[in-house]
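[1] 3D model of this:
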Amino acid sequence: MRVAPGIYRAESRGEVIYALDCGGAHALVDVGSADGFAAKLQQLQTDGIDLERIAAVFITHSHLDHSGALCELRGQQSLRVVAHRLAVEQLRHCPAHIPIDHNLVDYTVDERDAIEIGDLVIHAHHVPGHTSDSIAWQFNNDFFVGDLLRCDGRIGWMDAHWGSCVADYRNSLHRLLRMKIENIFPGRGEQGPFSQEIVEEALRRLNALCEADGGLLTATGRPAPRRSVETPAKTIRLSTGSPTSS
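    Here you go, the predicted model:
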């Protein structure tokens, strides 16, 4: 279903993925789990997306309901997969964190990096909290936020074993308020306009969760490793041919 100029949505098993019209090629934001992937592709094809022209996939985080179909997709066609650098690393303090097989990811990114593909420039924002490797992908003033938050203020499930961190989550939500965001496109639920009220509701729910578990999440969650401000950002140029980076 076309939900905005150049943006298409497909949903199956409660998982939402998006296709972007890059001008001569398409890109996906997340792929969902393997079980529901074929149904999502069928929806996109019905909407006019040429599946053979999918040139890239942008992963919001490594959970299987967002990245589980990568192996199947990579087996079907040639494309490039981009994810946060922590998505392919085994984090020492997160024993339940299952990284994406590094063979399935072509490029890893971090805060301030950008992807150029076709007519589009996609910016990466590291927004840990739900997981250490969570990314919000920015396309113009629209943000694809994965499980960071939904339009009704609900937040992603928290578990310190896979890298959830309350302090990171609060910081990431407050960061959104400092950005120029028109719409958010979450990995579950409906997309819609962004507002301060959504963030306030998300913070309220986060605080309520911390109170309900007696502060356990606050005590055990460990902040995600961050890129040093001295580390230069990079731009990755993707095409349907051979991509280059600088």
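
[2] drop to CA atoms for contacts and neighbour counts, all remaining ones
    Noted.

[3] buried set for stretch 203-222?
    By neighbour count on 16 or more other CA atoms under 10 Å, the buried set for stretch 203-222 is 203, 206, 209, 210, 217, 218, 220, 221, 222.

[4] How far off centre is it?
    From the chain centre to the centre of stretch 203-222 is a distance of 23 Å (CA atoms, centre = their mean, to the nearest Å).

[5] Can you flag which of the buried residues of stretch 203-222 belong to helices?
    Counted as lying in helices by DSSP state H, out of the buried residues of stretch 203-222, are 203, 206, 209, 210, 217, 218, 220.

[6] Nearest residue to the last one in space, ignoring adjacent ones along the chain?
    In space, and not counting its chain neighbours, residue 220 is closest to residue 160: 6.3 Å by CA to CA, 6 or more residues apart in numbering.

[7] From residue 70, how far out is that neighbour?
    To residue 70, residue 160 is 25 Å away according to CA to CA, to the nearest Å.

[8] Poorly predicted segments of this protein, please.
    240-246 (pLDDT under 70).

[9] quick one, helices of it?
    Ranges of helices in the chain, per DSSP H, are 37-46, 64-67, 70-76, 166-177, 196-212, 216-220.

[10] If we go by neighbour counts, what in the first one is buried?
    Taking 16+ other CA under 10 Å as the basis for neighbour counts, the residues of helix 37-46 that come out buried are 37, 40, 41, 43, 44.

[11] Neighbours of residue 163, how many?
    26 (other CA atoms under 10 Å).

[12] Distance check, the residue nearest the centre of the chain against residue 48.
    Nearest to the geometric centre of the chain sits residue 60, at 1.6 Å (CA atoms, centre = their mean). Note on residue 60: its distance to residue 48, by CA to CA, is 24 Å.

[13] Kindly report the same for residue 133.
    32 Å.

[14] thinking again about what came up before, now the residue nearest to the centre of the chain: phi and psi?
    Dihedral pair for residue 60: phi -80, psi -30, per degrees, to the nearest 10.

[15] So what sits opposite the nearest residue to it once chain neighbours are set aside in the bridge?
    What sits nearest to residue 60 in space, not counting adjacent residues and going by CA to CA, 6+ apart, is residue 135, at 4.9 Å. Beta bridges link residue 135 to residue 126 when assigned by DSSP bridges.

[16] Quick check, residue 135 in contact with residue 147.
    No - if you go by CA atoms under 8 Å, residue 135 and residue 147 don't touch, sitting 9.6 Å apart.

[17] So the two - more neighbours on which side?
    Just comparing residue 135 and residue 147: by other CA under 10 Å the higher neighbour count belongs to residue 135, 29 against 25.

[18] how far away is the residue located most distally from the centre of the chain from residue 103?
    The outermost residue of the chain, judged against the average C-alpha position, is residue 214 (29.4 Å), by CA atoms, centre = their mean. With distances taken as CA to CA, residue 214 is found 40 Å from residue 103.

[19] and stretch 33-49, how far from the chain's centre?
    Distance, centroid of stretch 33-49 to centroid of chain: 18 Å (CA atoms, centre = their mean).

[20] what do you get for stretch 158-172?
    15 Å.

[21] How many residues are close by residue 6?
    Quick note: residue 6 (other CA under 10 Å) scores 12 neighbours.

[22] OK, contacts around it?
    Shown in contact with residue 6 (CA atoms under 8 Å, 6 or more residues apart in numbering): 20, 21, 22.

[23] Need those residues in CSV (columns: distance to residue 77 and neighbour count).
    Formatted as CSV, the contacts of residue 6 follow (distance: CA to CA, whole Å; neighbours: other CA atoms under 10 Å):
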residue, distance to residue 77, neighbour count
20, 17, 23
21, 18, 20
22, 18, 21
